[in-house]
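**Q** just need the structure, nothing else, for what follows:
(one chain, ligands or ions: 1)
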Amino acid sequence: MSIAATITSTNLRSVSTSTTTPPSSYTLTTPFKLNTLKLTSSSIPNPKFRSLSVTAMTSASQQTLSKTAFLDRTESGTLHFVKYHGLGNDFIMVNNLDSMEPKVTPEQAAKLCDRNFGVGADGVIFAMPGSNGTDYTMRIFNSDGSEPEMCGNGVRCFAKFIADLNNLQGKQSFTVHTGAGLIIPEIQEDGQVKVDMGEPVLKASDVPTKIPPNKGESVVKAKIEVDGVSWNVTCVSMGNPHCITFGREGDENLVVDELNLADIGPAFEHHVLFPARTNTEFVQVFSRTHLKMRVWERGAGATLACGTGACALVVAAILEGRSERNCTVDLPGGPLEIEWREADNHVYMTGPAEVVFYGSAHL
Ligand SMILES: N[C@H](CCC[C@H](N)C(=O)O)C(=O)O
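**A** From the prediction side, this is the model:
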């Protein structure tokens, strides 16, 4: 016989059971492993069961064990996850280290990401076993169920999630295989995560975009028509496609807070010139080292932050002669520090990643 109980730390909060006579022992299904189980307390609503007492693990051991034990539980039809965010770009993190097959389908991911009918998130991220000699593999489904190659805010959350799963403290670095190739996040002593995001891809056909190259094989400050308006755009891939604009033709001083992203974002995302759709970054330049961005993401819409987008826009700003190689990029969710390093042509991103809650969801 099992009873359903809600336990916060070591206090039993409520008990419900289908039987009328109190049995001598119970199996308690809870998110936490308990070493012994006896229930006594006036807090048990049904007087029939007040003769039992509960002893749970010490909070410390319970806390340690509960993180992995909780995530390792495998009741069919239930997903255990941890919610993280990077500057408000938020993700359902799944411990998928026992398989290279995602634990949820793209359709289930879209339902989980729904902010009214599901958990609510910009995407679902799977921590999987390494491949090609890396420590781990990261896969991600956007909130529309599509699978992008990479996610900058997501990989910072990924690093913190891995450290949490393994109870690692202090400075940590991992090699992660992604759809954008090898990515190396490093948790710093101050808790910020610095990520080697690899090299930007500038060849138009590799972004991909059908905009004719106008600077070598790249698209830099080219004019495109979007819903009857001419915009100047530069196209960069960080493994995923980005269309960056600093303004409309003839109007270089974009005030990004005045934009109606829900109106213009989809027109860029689904534009015929982007065969794989695109993320679009609208950028305002405060100085050569300080930029501001709003983003309409492919497969996720307007988000509070986009890590790959912040990297792509600094590359675009440099190509257009607007910025230095080290910049602060302000996003609605907060700032990121970006460097496009000349020595190795890699882009480096530094920013936070925070845990929000542990949860279980019915699939
Ligand atoms: N929606 C993006 C993936 C997530 C990118 C963004 N959240 C980031 O932090 O890089 C795409 O389809 O390419």
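
**Q** now do the strands in the stretch 101-250 of the chain.
**A** 123-129, 136-142, 172-173, 176-178, 181-187, 193-196, 222-226, 229-237, 241-248 (DSSP state E, counting those that start in this stretch).

**Q** so which of those strands is nearest the ligand?
**A** Between the ligand and the strands of the stretch 101-250 of the chain, the shortest gap by C-beta to the nearest ligand atom is with strand 136-142, which sits at 4.9 Å. For the C-beta atoms, the positions are set from N, CA and C on the backbone; glycine is no exception.

**Q** does any part of the closest one sit near the ligand?
**A** Yes - between strand 136-142 and the ligand, judged by C-beta under 6 Å from any ligand atom, the touching residues are Asn142.

**Q** list the helices and strands that strand packs on?
**A** Judged by 3 or more C-beta pairs under 8 Å, 6 or more residues apart in numbering; DSSP states H and E, strand 136-142 is in contact with helix 106-113, strand 123-129, helix 152-165, strand 176-178.

**Q** buried residues in the second one?
**A** Neighbour-count burial for strand 123-129, with 16 or more other C-beta atoms under 10 Å as criterion, is recorded at 123-128.

**Q** quick revisit: go through the helices and strands packed on strand 136-142 and pick out the most buried.
**A** With neighbours defined by mean count of other C-beta atoms under 10 Å, none of the helices and strands packed on strand 136-142 is more surrounded on average than helix 152-165, at a mean of 26.

**Q** and that one with strand 123-129, angle?
**A** 50 degrees (axes from the mean of the first three to the mean of the last three C-alpha atoms, to 10 degrees).

**Q** can you tell me the average pLDDT over stretch 283-292?
**A** Averaged across stretch 283-292, pLDDT comes to 98.

**Q** near the ligand, which residues of this protein are found?
**A** Counting by C-beta under 6 Å from any ligand atom, the chain sits next to the ligand at 89, 122, 142, 148, 151-154, 240, 279, 297-300, 303, 306-309.

**Q** repeat the analysis, applying 8 Å as the threshold.
**A** Selection of the chain residues close to the ligand by C-beta under 8 Å from any ligand atom yields 86, 89, 122-123, 140, 142, 146, 148-155, 238, 240-242, 277, 279, 295, 297-300, 303, 305-311.

**Q** and Asp257, which of the helices and strands packed on strand 136-142 is closest to it?
**A** Ranking the helices and strands packed on strand 136-142 by distance to Asp257, with C-beta to C-beta as the measure, places helix 152-165 first at 20.8 Å.

**Q** how far does that closest one sit from the chain's center?
**A** 8 Å (C-alpha atoms, centre = their mean, to the nearest Å).

**Q** now the angle from it to strand 181-187?
**A** With the same axes, to 10 degrees applied, the angle from helix 152-165 to strand 181-187 works out at 60 degrees.

**Q** what's the angle from helix 152-165 to strand 136-142?
**A** Using the same axes, to 10 degrees, helix 152-165 lies at 130 degrees relative to strand 136-142.

**Q** just the CA atoms of helix 152-165, as CSV, please.
**A** Taking C-alpha atoms only, helix 152-165 is exported to CSV below (Å, rounded to 0.1, in the frame of the first residue of the first chain):
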residue,chain,number,x,y,z
GLY,A,152,24.8,30.2,-25.2
ASN,A,153,22.8,30.9,-22.1
GLY,A,154,21.9,27.3,-22.1
VAL,A,155,25.4,26.0,-22.0
ARG,A,156,26.2,28.2,-19.0
CYS,A,157,23.2,26.6,-17.3
PHE,A,158,24.4,23.2,-18.5
ALA,A,159,27.8,23.7,-16.8
LYS,A,160,26.2,24.7,-13.5
PHE,A,161,23.8,21.7,-13.8
ILE,A,162,26.6,19.3,-14.3
ALA,A,163,28.5,20.8,-11.3
ASP,A,164,25.4,20.5,-9.2
LEU,A,165,24.7,16.9,-10.2
